[in-house]
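J.: sequence plus predicted model, see below.
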Amino acid sequence: MNRPGIVGDWVRQRGGLRVVGLGIAALALAALLPYLPFLSLPGISDDYQQIGLGRDFVSADGMPKLIGDALYRCRATSLVWTRAIDAVVGPDIFVHRLGSVALHALNGMLLVLFGSIPAIGYRRAFLAAMVFLLMNGHQEAIVWVAAVHDLFVFGFAMGSLLCWLHWLRTRQTQWLLGVATLFLLALYSKESAAALPLLYAASWWVVGERRKEDLWPICLAPVLSLVYAIFIFQAARDHLHLNDGTFSIHAPFWLTLPRTLFRIMMPWGILSLGVLVWKRAYRVAAISMAFSVFTLLPYSFLTYTTEAPSRHRYWATAGAALLLAWAIKLLWESRPRWQPVLGWVMVIGFSVSSPLYLWQKKLPQYQQRAVPTEAFLEFARDKRPPVWIAQGPYHAEIYRFTARVMLGWKHHEVKSVSEEPPPADAPIFEAPLHP
């Protein structure tokens with residue numbers, strides 16, 4: 001069997017380096033253009049906390065604290081990334097957000113490499129990557145700097161899955177090394193990486209020859225996920241999200257999962273699903289839907305909502321992207337002539353409507369989300385610390401990190417009136433509420 005060179009195969013099959021270079025440029029533009037208006041936005045709430053935590057944990061004194069922190073050790077890769085950018089340019093939100101867009105583009109390019117799997121092919125993979133980059137339903141993971149860990153868990157998890165698929169094809173040891181390394185990095189990116197063993201098992205069933213001996217290399221994967229979860233729940237008393245009402249195993253996952261899946265699929269995924277059923281491509285439809293379900297499971301136990309926020313949909317959106325890409329490709333290859341025309345109508349409709357939704361609907365919302373911390377910075381710049389926070393919408397901790405990162409204040413120099421009554425002449429900030 002020929003070795004799957006992945007990138008080399010892409011170059012050979014797509015007509016040389018020039019064509020591949022144009023493809024990469026197209027992917028980079030697809031990642032960047034929808035988010036150009038967002039790059040100039042100031043920091044949004046936890047963005048400053050993300051930078052501050054990077055400074056706190058990614059240091060000689062902070063690393064032992066990071067290892068012992070049940071929540072943030074599961075986000076270690078994003079903290080290292082944030083700290084690296086901060087060390088070069090400081091708390092420049094433009095550069096931090098541009099870094100998130102770059103990671104988004106790299107994730108799209110990773111999806112193209114799934115074209116090395118013959119059942120997918122590079123044309124479908126490239127089209128799916130373009131769709132994924134242009135989709136708007138996962139925009140929070142790109143716009144919100146504090147959600148950068150969703151980009152990392154996607155990249156490492158999908159890279160591990162790609163290595164696993166090639167192991168099933170070739171049984172070559174280097175692919176197993178890639179599976180293990182990227183799986184561990186995914187676990188240190190976000191808790192949702194614990195769903196990867198489900199994808200390993202599902203792909204063994206769908207793509208491989210279902211040989212039991214092919215499963216032995218990943219027998220440790222579910223064990224690692226279980227141990228990973230045990231360590232998290234053992235530290236429940238000190239784990240922020242297990243104490244602030246964010247997550248609970250008693251949450252109504254049976255409601256959150258289908259509602260979030262429906263939100264991801266509307267409207268283009270639903271239309272694509274209809275095309276695949278019409279064309280009797282049931283297998284692709286089932287695989288895509290199963291992928292989205294598996295990757296949404298970790299986010300289905302939220303307690304504060306019955307519809308996972310857009311940052312939590314980032315990974316699962318790849319399933320909807322595959323649906324749309326496959327449906328368009330089927331229509332392009334179909335007869336009579338009106339069916340390829342329908343495929344182009346879907347392409348144009350999706351390519352226009354998705355960025356317009358971001359610019360018209362979501363951009364004003366993010367501008368409003370940035371108002372409280374920007375108003376605080378304007379208030380605090382000419383004040384002598386300490387200052388007191390009188391009201392929401394954000395917890396006082398957000399303003400503490402904002403003051404530390406942007407003004408160089410100490411953590412204790414921002415106080416909350418609910419925790420410590422201010423003196424009569426103390427500067428008190430009343431944060432503007434946002435929708």
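T.: Arrived safely, thanks for sending. Numbers count the residues shown, from 1 in each chain.
J.: what's the following helix or strand after the helix ranked longest in the chain?
T.: For the chain, the helix with the greatest residue count under DSSP state H is helix 148-170. Downstream of helix 148-170, the first helix or strand assigned by DSSP states H and E is helix 173-187.
J.: how far does that following helix sit from its chain's centre?
T.: Centroid displacement of helix 173-187 relative to its chain, using Cα atoms, centre = their mean, to the nearest Å, is 19 Å.
J.: who are the packing partners of it?
T.: Here helix 173-187 touches helix 148-170, helix 220-234, going by 3 or more Cβ pairs under 8 Å, 6 or more residues apart in numbering; DSSP states H and E. C-beta: built from backbone N, CA, C; applies to glycine.
J.: tell me which of the ones you listed sits most buried.
T.: Most buried of the helices and strands packed on helix 173-187, by mean neighbour count (mean count of other Cβ atoms under 10 Å): helix 148-170, with a mean of 24.
J.: how far is that one from where the chain is centred?
T.: 13 Å.
J.: same check on stretch 392-399?
T.: Using Cα atoms, centre = their mean, the offset of stretch 392-399 from its chain centre is 24 Å.
J.: list the buried residues for it?
T.: For stretch 392-399, a neighbour-count test (16 or more other Cβ atoms under 10 Å) marks Tyr394, Ala396, Ile398, Tyr399 as buried.
J.: could you list everything the closest residue to the second one other than its chain neighbours pairs with in the sheet?
T.: Excluding the flanking residues, the one nearest Ala396 by Cβ to Cβ, 6 or more residues apart in numbering is Ser416, at 3.8 Å. Note on Ser416: beta-bridge partners by DSSP bridges are Ile389.
J.: correct me if wrong: Ser416 contacts Gly392.
T.: No - using Cβ atoms under 8 Å, Ser416 is not in contact with Gly392, being 10.4 Å away.
J.: Phe429 should be in a helix, yeah?
T.: No - under DSSP: H, G, I helix; E, B strand; the rest coil, Phe429 falls outside any helix and is assigned strand.
J.: how about it: which residues does it bridge to?
T.: Beta-bridge pairing for Phe429 (DSSP bridges): Ile389.
J.: about what we covered before: which of the helices and strands packed on helix 173-187 has the lowest mean pLDDT?
T.: Least confident of these, judged by mean pLDDT, is helix 220-234 with a mean of 73.
J.: circling back: ok, which of the helices and strands packed on helix 173-187 comes nearest Gln368?
T.: Gln368 lies closest, by Cβ to Cβ, to one member of the helices and strands packed on helix 173-187: helix 148-170, at 21.3 Å.
J.: neighbours around the residue nearest to Trp409 when sequence neighbours are not counted, how many?
T.: Nearest residue to Trp409, sequence neighbours excluded (Cβ to Cβ, 6+ apart): Ala403, at 4.1 Å. Other residues lying near Ala403 total 26 when counted by other Cβ atoms under 10 Å.
J.: go on, Val145?
T.: Neighbourhood size, Val145 [other Cβ under 10 Å]: 25.
J.: show me what contacts it?
T.: By Cβ atoms under 8 Å, 6 or more residues apart in numbering, Val145 lies in contact with Gly43, Ile44, Asp47, Gln50, Ile51, Thr82, Ile93, His96, Arg97, Ser100.
J.: ok so, going back, got the contact list for the helix or strand hosting the residue nearest to Trp409?
T.: For Ala403, the enclosing helix or strand under DSSP H and E is helix 396-407. Residues outside helix 396-407 that contact it (Cβ under 8 Å, 6+ apart) are 43, 45-46, 48-49, 51-53, 55, 91, 373, 376-377, 380-381, 385, 387, 389, 409-411, 413-416, 419, 429, 431.
J.: where in this protein is pLDDT low?
T.: Scanning the chain for pLDDT under 70 picks out 1-16, 208, 231-245, 247, 433-435.
J.: and it, what are its domains?
T.: The chain resolves into domains spanning 7-369, 376-430 when parsed by automatic domain parsing.
J.: wait, doesn't Cys163 sit right on Thr173?
T.: No - Cys163 is beyond contact range of Thr173, at 11.1 Å (criterion: Cβ under 8 Å).
J.: with adjacent residues omitted, what lies nearest to Leu255?
T.: Going by Cβ to Cβ, 6+ apart, Leu255 has Thr306 as its nearest residue, at 4.9 Å.
J.: and the one you found, how many residues sit next to it?
T.: Neighbours around Thr306, by other Cβ under 10 Å: 17.
J.: contacting residues for it?
T.: Counted by Cβ under 8 Å, 6+ apart, Thr306 has contacts Pro252, Leu255, Thr256, Arg259.
J.: and of these, the nearest to Pro298?
T.: Using Cβ to Cβ, these come closest to Pro298 at Thr256, 11.1 Å.
J.: coming back round to it: what's the most buried one of the domains of the chain?
T.: Ranked by mean neighbours (mean count of other Cβ under 10 Å), the domains of the chain are led by domain 7-369, with a mean of 18.
J.: could the buried residues of stretch 392-399 be laid out in TSV, adding distance to Leu187?
T.: Formatted as TSV, these follow (distance: Cβ to Cβ, whole Å):
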residue	distance to Leu187
Tyr394	30
Ala396	32
Ile398	27
Tyr399	32
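J.: looking at these, spot the one nearest Asp214.
T.: Checking the buried residues of stretch 392-399 one by one against Asp214 (Cβ to Cβ), the nearest turns out to be Ile398, at 48.2 Å.
J.: how distant is stretch 120-131 from the center of its chain?
T.: The chain centre lies 19 Å from the centre of stretch 120-131; the measure is Cα atoms, centre = their mean.
J.: what's it in contact with?
T.: Outside stretch 120-131, the residues touching it (Cβ under 8 Å, 6+ apart) are 9-10, 13-14, 23, 26-27, 30, 108-109, 111-116, 318, 321-322, 324-326, 328-329, 350.
J.: let's see that with 7 Å instead.
T.: Identification of contacts with stretch 120-131 by Cβ atoms under 7 Å, 6 or more residues apart in numbering yields 10, 13-14, 23, 27, 30, 108-109, 111-112, 114-115, 321-322, 324-326, 328-329.
J.: what of stretch 246-262?
T.: 241, 292-293, 296, 300-304, 306-308, 313.
J.: thanks again, I'm all set now.
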